[in-house]
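> okay, sequence plus prediction incoming.
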Amino acid sequence: MVSAAIWVLAAAALAFAIIHQISSTRPVGEGTLFREDAFTAAEIIVGSGSATDAVAHARNRLGVEAVSVVDQSGLVTASTSNTIAGLTVANPLLRFGIDGRRLAALAVSLEEPIEIDGVVEWPVGSVLYQVVSPLHGGEGSVLLHYDVAELLARRTRPGGLQPPTVELLTMSGVFAALGGVVLIGHSRAARRHREMVAESELLRAHSRELEQANTKLAAARREAERALSLAEEKMRIRSEFVLMINHELRTPLTSVVTGAELLRDETLEPEHLAEIIDSMVANGKRLNEIIDQILAVARIENRGFASDLATVSLEELCVAARIDDIEDTPDLDTVSVHTDVRTVGLLVASLADNARTHGASRVVTRCGPEPAIEPMLELGDRPPSAVFFTVTDDGPGIDLEFLPRAFEKFEKNSFSSGTGLGLYMVRLMVEALGGSVGVHTTAQGTTFQIALPAHVSDRRMETV
């Protein structure tokens, strides 16, 4: 009886140790976390006289990204972020929670940025968990914003053996030792030892499987978030492209149609008739340019850039490209370039037209063997030995926030005209020629610089 009781105590201590260890390392459920945080925030807000102070206190207490108070109509009446205050919650699931006075939570991208203390902490498009829960004892609901990565960290409890687990395991060992002393026969003690080893291996195996499952789940979630972000970006670009094409094609087309209708009027003066015809021709050419530009980008992307390469001196290339300022150096004709002469001319002309389109009144082109600027942004690989073509204008400059996207497809400032394909085509053609394109911009003007691979002939070496 004594030995049986000792073994029962040992087994009980081991069981409690296992149960405690598993429960102490099991991840906390999202629902439990949301309910606890929402209850805490509701207590702070309902018990405070000032909603503005209450949301700040709740955010500091919970450590979440933002805390807001929403009335029954969905209007945010108080928030720790001044960019959220005054907005109306539009998400159907969150509105379902507000209208039904129940807990609702989902991960969704922000339609407005979250600004904390004057700094945008979370820009538009960031994916955050958003949770609404009714204010029990008060009117309206509380709205919480969670960072996904921090939410996962809060759900995971610390690993390793916990102190109570160590104490219980120690107690189990003591009882097992006492049972071994009391029991007669080494074989029975050895058998029990083997059983304990097998149980430990099984627990370790289960622990490894759980860790692998958690790792796969985290990877799947990150991949889903990345796919969602890419899908949203594609939808944005597609929508902007449709609006842009609608505007860019409709404006000259309307002018052509209106001019054609006016031509029916036989009472028009000859000078008015000439103006209408000139306008129709100009807008027709504009339509043709837009269509040619779109088709050219499609051809380059689908079939690559077709070039007609030839080796010419830098001086000949500058003349062929109709450069305004050709650097006057004694050995200019000893520097040669193996490139497509026609494409270089098109690149320079395209950058010059782009400058005039965006408000420049004076455009100067230049070429030479040395760079004219240190680019703020450069795409492509600048050759170790290069010649440089620059296009400088006196326009209003490029917005520095927009600059990183200036050479992307369909990207343009909202106030500017054009298809958003000009600089993208320049980038494709320059990279196809093995060079780079850079830009430096200020409020007084912008300079684009094209670098193409070059080499110095032996004639220059002989004259040194």
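Looks like it came in fine.
> how many other residues sit next to residue 403?
Per other C-beta atoms under 10 Å, the neighbour tally for residue 403 reads 16. (C-beta placed from N, C-alpha, C; glycine too.)
> pLDDT at it, what is it?
Note on residue 403: pLDDT of 87.
> how close does it get to residue 425?
Residue 403 is 18 Å from residue 425, where distance means C-beta to C-beta, to the nearest Å.
> number of residues surrounding residue 80?
23.
> got a list of contacts for stretch 390-406?
Stretch 390-406 is contacted by residues 348, 351-352, 355-356, 358-367, 372-373, 376-377, 411, 413, 423, 439, 441-450 when judged by C-beta atoms under 8 Å, 6 or more residues apart in numbering.
> strands - which of those land there?
Applying DSSP state E to the contacts of stretch 390-406, the entries found in strands are 363-367, 377, 439, 441-442, 445-450.
> from those, which would you call buried?
Applying 16 or more other C-beta atoms under 10 Å to those, the neighbour count classes 363-367, 439, 441, 445-450 as buried.
> now the helix or strand residue 232 falls within: average pLDDT?
Assigned by DSSP states H and E, residue 232 falls within helix 186-263. Across helix 186-263, pLDDT averages out at 77.
> now do stretch 455-464
46.
> what of stretch 80-91?
88.
> now the terminal residues of it, how far apart.
20 Å (C-alpha to C-alpha, to the nearest Å).
> equivalent analysis for stretch 125-142, please.
For stretch 125-142, the first-to-last residue distance is 22 Å (C-alpha to C-alpha).
> show me the contacts for the most centrally placed residue in the chain.
For the chain, the residue whose C-alpha lies nearest the mean C-alpha position (C-alpha atoms, centre = their mean) is residue 229; its distance is 7.3 Å. Applying C-beta under 8 Å, 6+ apart to residue 229 gives the contacts 109, 125, 127.
> ok, of those, which one's closest to residue 340?
residue 125 (39.5 Å; C-beta to C-beta).
> quick check: the closest one touching residue 109?
Yes. The criterion here is C-beta atoms under 8 Å, and residue 125 meets it with residue 109 at 5.1 Å.
> need the residues touching each of the two.
Joint contacts of residue 125 and residue 109 (C-beta under 8 Å, 6+ apart) are 229, 232.
> picking that back up, I'd like the contacts of residue 229 laid out as a markdown table, including secondary structure and pLDDT.
Shown next, in a markdown table, are the contacts of residue 229 (DSSP: H, G, I helix; E, B strand; the rest coil; pLDDT from 0 to 100):
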| residue | secondary structure | pLDDT |
| --- | --- | --- |
| 109 | strand | 86 |
| 125 | coil | 86 |
| 127 | strand | 87 |
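> dump those to JSON lines, plus neighbour count and distance to residue 91.
Converted to JSON lines, the contacts of residue 229 look like this (neighbours: other C-beta atoms under 10 Å; distance: C-beta to C-beta, whole Å):
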{"residue": "109", "neighbour count": "13", "distance to residue 91": "10"}
{"residue": "125", "neighbour count": "14", "distance to residue 91": "15"}
{"residue": "127", "neighbour count": "17", "distance to residue 91": "13"}
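> tell me how many other residues crowd residue 355.
With other C-beta under 10 Å as criterion, residue 355 counts 24.
> can you check the pLDDT for it?
86.
> skip the chain neighbours and tell me the closest residue to it.
Distances taken as C-beta to C-beta, 6 or more residues apart in numbering place residue 393 nearest to residue 355, at 3.7 Å, with adjacent residues excluded.
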